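>>> let's see this in three dimensions:
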Amino acid sequence: MAHDEHGAIHAHDQSGIGKPGIEKLVTRTIEVEMSDAMKFEPAEVSVKKGETIHFVVHNGGKLRHEFVLGTQRALKEHAELMKKFPGMEHDEPNMASVEAGQTGHVIWKFTGTGKVPFACLQAGHFDAGMKGMVSVAAVNSNGRSGR
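Alright, predicted model coming up:
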């Protein structure tokens with residue numbers, strides 16, 4: 001992932017994790033709850049290659065939280081950057097920064113298979129374990145998930 005001069009992650013450099021989705025092509029909606037216990041619920045999600053997912057992320061806590069899809073390396077680098085610039089604002093298709101009690105949205109198309117991490121990159125939240133994983137399975141010719 002590329003970062004601009006302020007360290008923002010740019011979604012067009014997300015080749016390994018998929019690409020921004022188109023709302024009218026959403027195949028499924030997955031609701032994710034973020035809490036001040038530094039947890040996502042669910043923390044593990046399964047999708048199929050080619051699916052466009054609408055993540056509805058609700059912040060049930062009193063702190064700002066984020067839902068950010070990215071490679072493990074990029075998430076870790078960005079979490080470190082957030083420690084230096086904790087007030088940094090984000091507006092990228094692979095992320096939702098959500099104030100307490102609010103709901104955010106990410107629409108994402110998973111174009112490959114494997115594991116796609118997600119995390120909260122607010123200062124200290126990543127280190128506290130606020131992470132999750134999307135498992136992307138291949139689809140067999142019969143339309144069923146494969147490994």
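>>> alpha carbons only for contacts and neighbour counts from here, please
Will do.
>>> beta partners of Lys109?
According to DSSP bridges, the residues that bridge with Lys109 are Lys19, Thr52.
>>> surely it and Pro20 touch.
Yes - look at Lys109 against Pro20 with CA atoms under 8 Å: they come within range, at 5.9 Å.
>>> who has more neighbours, the two?
Lys109 (22 against 19; other CA atoms under 10 Å).
>>> low-confidence ranges, the protein, go.
Applying pLDDT under 70 to the chain flags the ranges 1-15, 89-90, 141-147.
>>> who does Glu31 bridge with?
The partner residues for Glu31, given DSSP bridges, come to Val56.
>>> could you pull out the strands for this protein?
Using DSSP state E, the strands of the chain run over 2-3, 9-10, 19-20, 28-35, 39-41, 44-48, 52-59, 65-69, 95-98, 103-109, 114-119, 131-139, 145-146.
>>> pick the most buried one from the ones you listed.
Ranked by mean neighbour count, the strands of the chain are led by strand 65-69 with a mean of 26 (mean count of other CA atoms under 10 Å).
>>> neighbouring strands for that strand, and are they parallel or not?
With DSSP bridges as the test, strand 65-69 pairs up with strand 95-98 (antiparallel), strand 114-119 (antiparallel).
>>> and for the last one, what's in contact with it?
The contact list for strand 114-119 (CA atoms under 8 Å, 6 or more residues apart in numbering) reads 17, 66-72, 75, 126, 130-137.
>>> again, but for the first one
Outside of strand 95-98, the residues within contact range by CA under 8 Å, 6+ apart are 57-59, 64-69, 89-90, 104-106.
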